[in-house]
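**Q** Compute the structure for the input listed below.
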Amino acid sequence: MSEPLVLLPGMMCDARLFGPQIAELSSEFVVTVAPITQGERIEEIASHILPLLPAKFALAGLSMGGIVAMEILRRAPERVTRIALMDTNPLAETPQSSAAYEPMIVGARAGRLEQVLSDFMRPEFLAPGPLRNEILALVRDMGLYLGSETFVRQARALQRRRDQQGTLRRCKVPALVLCGEHDRLTPPKRHTFMAELIPYAELRMIEDAGHLPTLEQPAAVTAALREWLKQPFVLQ
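**A** Numbering: from 1, shown residues only. Down below sits the predicted model:
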């Protein structure tokens, strides 16, 4: 059997973000979803997760989960056997993008979390199609379940995150860089850039998907992950 697969969800998301992939892959692989809800820095979140994980594992993260995955790879490269980075961003926040979180933090603390979530994950970040409203409703439900305090912690962590370009350049394991072709939050060109940084990366664009391809085009994402999980190890 292959090594365990650890999935890291995006901001204000839980295991439901990977529901279709868990259902399909759990018949072949040990699948775990780790929370990224503890800590006000990406480093703290990674430090909280690492003691809970197997000695060696495949690691896949989407959006903020991908940012945490890159920090885990930076901290414990000997434990990560392969990495999948989906609809994410290796760069630090700019002063302008960091400041954009402040009104959302104020709104979450003032009891307006539902409106904050609607502003944060807008319809145009997903591909057009009949499932768009259903997926946005699920994102809202996940966010409301996690609550305002989690939103504030995660926003603070994103504001303070480090640049991970060096981590990606040092990556020596099978890497999948995956993005929905309609993603306007973390655009495809950013993923082309990421794939060029990683020595062993495969770039996969998912048609008819935006920022949440695991839900928008689940079969295509599951197939890409299965192929990645079955790639042979790269000798370091």
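**Q** Could you pull out the buried residues of the lowest-mean-pLDDT helix or strand in the chain?
**A** Lowest on mean pLDDT, DSSP states H and E among the helices and strands of the chain sits helix 95-99, with a mean of 92. Neighbour-count burial for helix 95-99, with 16 or more other Cβ atoms under 10 Å as criterion, is recorded at Ser98. In this view, the C-beta of every residue, glycine as well, is placed from N, C-alpha and C.
**Q** Name the residues that touch it?
**A** The contact list for helix 95-99 (Cβ atoms under 8 Å, 6 or more residues apart in numbering) reads Gln159.
**Q** List phi and psi for the residue nearest to Ala34 when sequence neighbours are not counted.
**A** What sits nearest to Ala34 in space, not counting adjacent residues and going by Cβ to Cβ, 6 or more residues apart in numbering, is Ile49, at 4.9 Å. As for Ile49, its main-chain torsions (degrees, to the nearest 10) stand at phi -80, psi -40.
**Q** next one: Glu202
**A** phi -110, psi 130.
**Q** Helix or strand next in line after the least confident helix or strand of the chain, which one?
**A** With elements assigned by DSSP states H and E, the helix or strand that comes after helix 95-99 is helix 101-109.
**Q** Tell me the helices and strands packed up against that following helix.
**A** In terms of contacts (3 or more Cβ pairs under 8 Å, 6 or more residues apart in numbering; DSSP states H and E), helix 101-109 is packed against helix 113-120, helix 148-159.
**Q** most packed of those?
**A** Comparing the helices and strands packed on helix 101-109 by mean neighbour count (mean count of other Cβ atoms under 10 Å), helix 148-159 ranks first with a mean of 20.
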